[in-house]
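Asker: Task: produce atomic coordinates for the following.
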Amino acid sequence: MAQILDLATRNVWRNRRRSLTTMVAVAVGALSIVLFGGFVANIFVGIETTMVKTAGHIHVYRNGYFLFGSGDPSGYGIARYRDVMRLIEQDAEMKPMLEVVTPRLQLSGIAGNFAENVSKTFLGVGLVPSDRERMIAWDAYKALVPVPSYGLDDARPEEAVVGVGMARMLHLCRALGGKNCPTPPAKAVAAQTQEGAALAALATAEGTAEGTADGKGAEQAPAGATARIDLLAATASGAPNAVPVTVIAAKSMGAKPLDESFVVMPIAQAQRLVYGRGEPRATAIVLQLKSTSMLPAARARLEALFKSEGLDLEVLDFAQLDPWYNQVRGMFTAIFGFIAALMAVIVLFTVVNTMSMAVVERTREIGTLRALGMRRGAIRRLFLAEGAVLGLIGASLGVGLALLLAWLVNGSGMTWTPPNNVEPVPLLVRAAGSPSLLALAWAGLAAVAVLSSLFPANRAARLEIVEALRHA
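Answerer: Below you'll find the model as predicted:
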């Protein structure tokens, strides 16, 4: 075999120009596959990092919330959720895997700026601000994906942050400022609408039908507030309830529908709005793990733990919560597969052409070798070895050049803004950190080169000695 490889290498360099052209074609294929594959790998890492920073790895819900709870979040709240959190945090198997365990409350209702006589339906979330600050620091992949802080504080539950679209519709832009938040044109003072009057009455009444948690009615906005709105929602018992909040910032949410309806606040204020004087609950317990690789083990342990404790809770991971994640992965995987197949076809035809020309030019040589006793199988192996040499050298050059270009791109400081992202992120090509991708490109194209040589090699092996020696 060593003699075959040595002879094949010498034959490859007999026509340097043609061999170099073929190697360049293989190298370009490897370069394209590695660079695009590294870019796709970075997209996957960026999406996952963003989701884990904002939503964690696992959500624990009451059974049925994922299918029906969005329309009735108060009815699907987890009672005594703090006890459930302690159960998770103190479990011997779960404790080494946990980074953050925090409650969240989803809610919806109507937000009104009655000084401007405007109102808007909202989708809100109540969370623990300090826990979210810990969550957005997660960066296991070194993806450098920025997730902005809301600027909320556990000690100031009366504050809230809204989407830029919500701020624009509620005429808060003058007070809050910010990008893409214009102030509406001046308009004539009009009579307050029936809806606005009803909402204003509810928001400013001495107490609501349910009352707030302390039974003293809606609290007053803090002194010096520059942007105050009132939130109205139905409590768990079905009675209306309203609380005032001070909007401290308007943040872009990356998607227009969410941007025009989003309100985030500390969970204590959200619970006051949804549960009034009743027992405060959470619609979800969010778990962020130290590593995504721990996700299957964490899910299995949580399900076993809840079953043993008789808790009617379900466990969902971030990919189940947002189908968009798997859709994006599927789309980019299909694009990568198409590009890899296209590069393989180009390499295939290039190598077939090169090896076919070599067979034609060396027909008399093949006849001479056969006349000297070389068997058909040896002729076939010789040409297959020549194809392998072309493929291996070309693939090695392509992978090496791809690693160099990826290093240059990663150090260039270039940025781009992916879909649904608010801020630009570093443009990275994760080639060096993807050994499976490098192996696929190198071995795959080398294999294509060998397979491409099979037809010319068979043709050479089938040549009759007399006809080959007569070839001019």
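Asker: low-confidence ranges in the stretch 351-472 of the chain?
Answerer: Scanning the stretch 351-472 of the chain for pLDDT under 70 picks out 420, 472.
Asker: Find the least confident helix or strand in this protein, judged by mean pLDDT.
Answerer: Ranking every helix and strand in the chain by mean pLDDT, DSSP states H and E puts helix 194-204 at the bottom, with a mean of 51.
Asker: after that one comes which helix or strand?
Answerer: Next helix or strand after helix 194-204 toward the C-terminus (DSSP states H and E): strand 228-234.
Asker: That following strand packs against which elements?
Answerer: strand 98-113, helix 194-204, strand 240-251, helix 267-275 (3 or more Cβ pairs under 8 Å, 6 or more residues apart in numbering; DSSP states H and E). C-beta here means a position set from N, CA and C on the backbone, and glycine is covered the same way.
Asker: quick one: contacts for residue 357?
Answerer: Residue 357 makes contacts with residue 18, as judged by Cβ atoms under 8 Å, 6 or more residues apart in numbering.
Asker: Can you list the buried residues in the helix or strand containing it?
Answerer: Using DSSP H and E, residue 357 sits within helix 323-361. For helix 323-361, the neighbour count (16 or more other Cβ atoms under 10 Å) marks 325, 328-329, 332, 336, 339-340, 343-344, 346-348, 350-356, 358-359 as buried.
Asker: Over to stretch 141-150?
Answerer: Using 16+ other Cβ under 10 Å as the test for burial, stretch 141-150 gives 141, 143, 145, 147, 150.
Asker: Which single one of those residues is nearest to residue 460?
Answerer: Of all the buried residues of stretch 141-150, the one with the least separation from residue 460 (Cβ to Cβ) is residue 141, at 49.7 Å.
Asker: Hmm, residue 47 and the closest one touching each other?
Answerer: No - taking Cβ atoms under 8 Å as the definition, residue 141 is not a contact partner of residue 47, at 10.9 Å.
Asker: these two touch, right, residue 31 and residue 403?
Answerer: No - contact criterion Cβ under 8 Å: residue 31 and residue 403 do not qualify, at 9.8 Å.
Asker: shared neighbours, the two?
Answerer: In contact with both residue 31 and residue 403: no residue, using Cβ under 8 Å, 6+ apart.
Asker: which one of these two has more residues nearby?
Answerer: Neighbours per residue, other Cβ atoms under 10 Å: of residue 31 and residue 403, the larger number sits with residue 31, 25 against 18.
Asker: so what does the helix or strand hosting that one touch, helix or strand wise?
Answerer: Using DSSP H and E, residue 31 sits in helix 16-55. Applying 3+ Cβ pairs under 8 Å, 6+ apart, one finds that helix 16-55 contacts helix 129-135, helix 318-321, helix 323-361, helix 376-410, helix 435-452.
Asker: Redo those as TSV? Include distance to residue 302.
Answerer: What follows is the helices and strands packed on helix 16-55, written out as TSV (distance: least, Cβ to Cβ, whole Å):
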stretch	distance to residue 302
helix 129-135	18
helix 318-321	14
helix 323-361	20
helix 376-410	37
helix 435-452	30
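Asker: out of the ones you listed, nearest to residue 51?
Answerer: Closest approach to residue 51 among these is made by helix 318-321 (4.8 Å; Cβ to Cβ).
Asker: Can you give me the buried ones in that closest one?
Answerer: 318, 321.
Asker: Residue 429 in helix, strand or coil?
Answerer: coil (DSSP: H, G, I helix; E, B strand; the rest coil).
Asker: for it, phi and psi?
Answerer: phi -120, psi 110 (degrees, to the nearest 10).
Asker: which ones are touching it?
Answerer: 35, 38-39, 42, 405-406, 409-410.
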